[in-house]
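S.K.: With the input below, show me the fold.
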Amino acid sequence: MDLFLQFLSNTGYLLADYRHVIMIVVGSIFIYLGIAKKYEPLLLVPIGFGILVGNVPFFKGFGIGIYEDNSVLHYLYFGVTSGLYPSIVFLGLGAMTDFSSLLARPKLMLLGGAAQMGIFFTLLGALFLGFLPREAASIAIIGGADGPTSIFLTAKLAPHLIGPIAIAAYSYMALIPVIQPPIMKLLTTRKERLIRMPDPREVSNRELLVFPVVAVLLCCFLAPTAIPLLGTLFFGNLLKVCGVTDRLAQTARTAIIDTATILLGFTVGASTQGDVFLTSQSISIFFLGAVAFSIATASGIIFAKIMNLFMKEKINPLLGASGVSAVPGSAREVHLMGQSEDPSNYLLMHAMACNSSGVIGSAIAAGVLWSFMVQ
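M.R.: From the prediction side, this is the model:
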């Protein structure tokens, strides 16, 4: 009987407390949203299951938990804390991305830049709430709506906040269909939502080939600390467009990015141990993340409306909402919103131009914040 009672005392059933239960419920909700609602399932299913695994209670010192040295999960988590997984994801993303719509209408790049205002407004808000400058910068990058970039910057500036910031960033990316449509409707009139965009011009192969070379030099000279993200992004895109590395491009946009996404999502989820994750800081981060994402969406739309004051050829202001770098979720929502008003109005390619420029913009913003914080 003593041995049996000792065995029971070592099980998770007796070691669990309310915090583990709360996080297991959160993980279950993530899995439900990913499978039943199809909200970014490639992200929410690995993260949700990781949350379940990370909140199974255990005795400390056995080399099991993600925060224990020499545990398997700790080694897998190194890809998060070092910024390795985000860089690999950007490599695959570059091999997937078609920048032709951006090159066809370069002015749409401004909307991708305008949407980054959410980052800098949230930086001020986080500082006001008492977060340290490095912590505030890490929280602010949630406004870029780019999970890998958020993880990369947080790993460099505030690694103790990776869990809540990553979960917040990916949560709001997955909830784009819930968050963005009300903001888009609130800030635009039906007349504006009906604006048709002209067909983009045809972009030559030479332009597509030159773009990643020129872009990596311009962007990385501006923000050298963004090299791990933008260097791999544009390298992946060069593999896609050069025409002689199809095998490498195919591997980058399938096996490599899928492997990194699995490990990234699972380990980020596993890092949310209830006794570490559930703090007042985490709640503040979730609140600020929602504010950041909303301001980023609104900034893009408002800037598009300002541009229309000076342009003869009007831009559909909905495109400003796709200036956040949640690819392709925000572009898809803009397209669906336009089609709900006029089924024959196709905004997807134009929205992808803003979306891809948002990816670049958020990476540059992360590089700028990092460079300021290490001074």
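
S.K.: Scan the protein for its longest helix.
M.R.: Taking DSSP state H as the assignment, the helix of the chain that covers the most residues is helix 280-308.

S.K.: in that one, what counts as buried?
M.R.: Within helix 280-308, the residues that count as buried by 16 or more other Cβ atoms under 10 Å are 281-282, 284-286, 288-305, 307-308. Heads up, the C-betas are built off the backbone N, CA and C, glycines and all.

S.K.: just checking, next helix/strand downstream of that helix?
M.R.: On the C-terminal side of helix 280-308, the closest following helix or strand by DSSP states H and E is helix 329-341.

S.K.: Report the angle between that following helix and helix 280-308.
M.R.: 50 degrees (axes from the mean of the first three to the mean of the last three Cα atoms, to 10 degrees).

S.K.: And the helix or strand that comes right after helix 329-341, what's buried?
M.R.: Once the chain leaves helix 329-341, the next helix or strand it forms, by DSSP H and E, is helix 348-373. Within helix 348-373, the residues scored as buried using 16+ other Cβ under 10 Å are 348-370, 373.

S.K.: I'd like the distance from the longest helix of the chain to the chain centre, please.
M.R.: Relative to its parent chain, helix 280-308 has a centroid offset of 14 Å by Cα atoms, centre = their mean, to the nearest Å.

S.K.: Contacts made by the least confident helix or strand in the chain by mean pLDDT with the rest, please.
M.R.: Within the chain, confidence by mean pLDDT, DSSP states H and E is lowest for helix 2-9 among all helices and strands, at a mean of 71. Residues from elsewhere that reach helix 2-9 (Cβ atoms under 8 Å, 6 or more residues apart in numbering): Leu14.

S.K.: circling back to that earlier point, what helices and strands are in contact with the longest helix of the chain?
M.R.: Using 3 or more Cβ pairs under 8 Å, 6 or more residues apart in numbering; DSSP states H and E as the contact test, the elements touching helix 280-308 are helix 109-114, helix 117-128, helix 133-140, helix 162-174, helix 176-187.

S.K.: Now do the second one, average pLDDT.
M.R.: I take that to be helix 117-128. If you average the pLDDT over helix 117-128, you get 87.

S.K.: Any buried residues in that helix, and which?
M.R.: Buried residues in helix 117-128, counting neighbours by 16+ other Cβ under 10 Å, are found at 117-123, 125-127.

S.K.: so what's Arg105 up against?
M.R.: By Cβ under 8 Å, 6+ apart, the contact set of Arg105 is 200, 350, 353.
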